[in-house]
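Participant: After the sequence you'll find the predicted model.
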Amino acid sequence: MYESFYGLDKKPFQITTDPSFLWMGKKHREALSTLKYGVMDNKGFLLLTGDVGTGKTTLINRLVEDIQDKAYTAKIPDPGLSKYDFFRMVSRYFGLPIEVRTKSDFLEPFSRFLNDAHKERKSVLLLIDEAQRLKHDLMEEIRLLSNLEHQDAKLLNIFFVGQNEFNEILMQPENRALMRRITITYNIDPLDPTETCEYIRHRLKTAGAGYEIFSSAAMEEVYAFSNGFPRQINIICDLAMFFASQVSQRTISRKIVSQCRERISFPVDEPTAETKDNIRAPAPTTQYRPIEKRHRTGFRPAWAMRLAAVLIFLALLVVFTPQRYRNGVGQWIRHTYEVYFSPAEQTVGASSSPAVGDSSPPVAEADHVHLSPSDKSQTTSPVDLPLRMPAPPPDIRFPEPGKSKASVSSKSPVASKPSAPAAVATEPAQDPPADAIDWLLEKRRQESGQ
């Protein structure tokens, strides 16, 4: 439709494969020479992979054309077949009988064909396109076909052509035996920006263009849209030439290509990181979440984690500690609380006259303390006194003024217990101290004397 407007002999960007428009970039020339070597040297299994639209079909068509005088070739376009349908198709492409009801019906004539080709010094190439559609049972049958070999060479070369996911299929455990037999592999990558421009110019020149129809900016936009995949390059360029001819624009600009992008409905692969760099895309900015949001979404500070660990440890310690140890710890805690944390009025402001049955000594006010000179000389300074004073024995009661110790001890509830040690019992009776402090000082002197 637009050929006459641009002075072309034919459309330059047809999707169908046309050998006259074949463009061999550096990647394609390297792949072609590698695969041709594998076939002519009878390497056995070969593998060619690439994304959709990278030019795999164009490459294998060129390979078949170059080796047609030196090898017998058969191409299976769709391997999604049953085992016997696959055998029949291979037999038909190699000119063998197609009446295949059993596996031996296929193997016997096929083995004779391979031996005859070897005598003619020709290679045999079985080319399987869309290899990612192969089923495991058929892949195993294909692997067994490679056992048909001569003493000095392989009789059959099997060439897998598929998309990149076929590599993942080969990595599955049930297919690793086949993967180990593949001797030559090659992966076709998309075109880079320079190759994209060369590809567009080559096809336009082959179609008869006498000038630069696409501007440099337009070709950059084509690459940004297609990511270097030849099939997508053909689609966007064909549509851009059509729209430009409708507005009588002989040179296609970036704006025309951008408008065409909005009208194409087929899915486009997201550009890779390398592709974004090539089209000078701005670097992405790093975004950080607020600290409070991170706390709400599961982040916990280190101190909280340590506190939780300590609490868990204490809980486990309580659960698994024997009962006797827990009782002892509880008694120690209660005693410590009574000594250090009991209210002051219970120890200082109590009445000097104890209640009946009370085993604790009376406590008097500090103003009633009277020490004799001899007592003052024998007392220690407050610094020398221990922080924790020993509690009096529970069986001691203080006599009232004017009564002896004997009369008091007879009323004591513990009078039936053995008497105190001799050193204490033989001491002469003395008047009781006026208050608790005198009694404590006297008790300390007695203990020091012992």
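Facilitator: That came through, no problem. Residues are numbered from 1 along each chain as shown.
Participant: What ranges in the chain fall below the confidence cut-off?
Facilitator: For the chain, the stretches with pLDDT under 70 are 265-301, 321-326, 329, 340-436, 449-450.
Participant: so when I look at residue 205, I'm seeing a helix, right?
Facilitator: Yes - applying DSSP: H, G, I helix; E, B strand; the rest coil, one finds residue 205 inside a helix.
Participant: Distance check, it against residue 17.
Facilitator: Applying CB to CB, to the nearest Å, the value for residue 205 to residue 17 is 19 Å. (Glycine included, C-beta is placed from N, CA and C.)
Participant: and if you look at residue 160?
Facilitator: Going from residue 160 to residue 17 by CB to CB gives 19 Å.
Participant: now do residue 72
Facilitator: Using CB to CB, one gets 22 Å for the distance from residue 72 to residue 17.
Participant: Those two: who's more crowded?
Facilitator: A count of neighbours by other CB atoms under 10 Å puts residue 72 above the other of residue 72 and residue 17, at 19 against 12.
Participant: Identify the residue nearest that one in space, chain neighbours excluded?
Facilitator: residue 124 (4.9 Å; CB to CB, 6 or more residues apart in numbering).
Participant: The helix or strand harbouring that neighbour - contacts with which helices or strands?
Facilitator: Using DSSP states H and E, residue 124 sits in strand 123-128. With contacts defined as 3 or more CB pairs under 8 Å, 6 or more residues apart in numbering; DSSP states H and E, strand 123-128 has these neighbours: helix 26-40, helix 56-67, strand 71-76, helix 103-119, strand 157-162.
Participant: What strands flank the third one, and is each parallel or antiparallel?
Facilitator: Paired neighbours of strand 71-76 in the sheet (DSSP bridges): strand 123-128 (parallel).
Participant: and the angle for the partner strand with strand 157-162?
Facilitator: Strand 123-128 runs at 20 degrees relative to strand 157-162, counting by axes from the mean of the first three to the mean of the last three CA atoms, to 10 degrees.
Participant: Quick check: next helix or strand after strand 123-128?
Facilitator: The helix or strand immediately downstream of strand 123-128 is helix 136-145, counting by DSSP H and E.
Participant: Buried residues, that next one. List them.
Facilitator: Neighbour-count burial for helix 136-145, counted by 16 or more other CB atoms under 10 Å, picks out 138, 139, 141, 142, 143, 145.
Participant: Check the helices and strands packed on strand 123-128 for me and report the most buried one.
Facilitator: strand 157-162 (a mean of 24; mean count of other CB atoms under 10 Å).
Participant: any residues touching stretch 163-179, and which ones?
Facilitator: With CB atoms under 8 Å, 6 or more residues apart in numbering as the test, stretch 163-179 has contacts from 45, 47, 49-52, 130-132, 134, 136, 139-140, 142-143, 160, 182, 187.
Participant: For the stretch 201-350 of the chain, which segments count as helices?
Facilitator: For the stretch 201-350 of the chain, helices defined by DSSP state H, counting those that start in this stretch occupy the ranges 216-226, 230-246, 254-261, 273-278, 291-296, 302-320, 323-340, 344-347.
Participant: Can you tell me which of the ones you listed is nearest to residue 60?
Facilitator: Comparing the helices of the stretch 201-350 of the chain against residue 60 with CB to CB, the closest turns out to be helix 230-246 (14.3 Å).
Participant: Give me the buried positions along that closest one.
Facilitator: Residues of helix 230-246 classed as buried by neighbour count (16+ other CB under 10 Å): 230-241, 243-245.
Participant: got the contact list for residue 142?
Facilitator: By CB under 8 Å, 6+ apart, the contact set of residue 142 is 128, 134, 158, 178.
Participant: cool, residue 146 as well?
Facilitator: Contacts of residue 146 (CB under 8 Å, 6+ apart): 44, 45, 154, 156, 158, 181.
Participant: so the last one touches residue 45, yeah?
Facilitator: Yes - the pair residue 181 and residue 45 qualifies as a contact (CB atoms under 8 Å) at a distance of 4.9 Å.
Participant: Confirm that residue 185 sits in a strand.
Facilitator: Yes - assessed with three-state DSSP, residue 185 lies in a strand.
Participant: What about it, how many residues nearby?
Facilitator: The tally of other residues near residue 185 (other CB under 10 Å) stands at 17.
Participant: and it, what are its bridge partners?
Facilitator: In beta-bridge terms (that is, DSSP bridges), residue 185 pairs with residue 47.
Participant: for residue 160, same thing?
Facilitator: Per DSSP bridges, residues listed as beta-bridge partners of residue 160: residue 47, residue 128.
Participant: so what's it up against?
Facilitator: Residue 160 sits next to 45, 46, 47, 48, 128, 131, 166, 182 when contact means CB under 8 Å, 6+ apart.
Participant: Now do the same contact list for the residue nearest to residue 72.
Facilitator: The contact partners of residue 124, taken as CB under 8 Å, 6+ apart, are 71, 72, 73, 94, 113, 114, 117, 155, 156, 157.
Participant: Look up how far residue 153 lies from the third one.
Facilitator: Counting by CB to CB, the gap between residue 73 and residue 153 amounts to 17 Å.
Participant: What number of residues are in the vicinity of the closest residue to residue 73 other than its chain neighbours?
Facilitator: Closest residue in space to residue 73, ignoring its immediate chain neighbours: residue 125 at 4.6 Å, by CB to CB, 6+ apart. By other CB under 10 Å, 26 other residues sit near residue 125.
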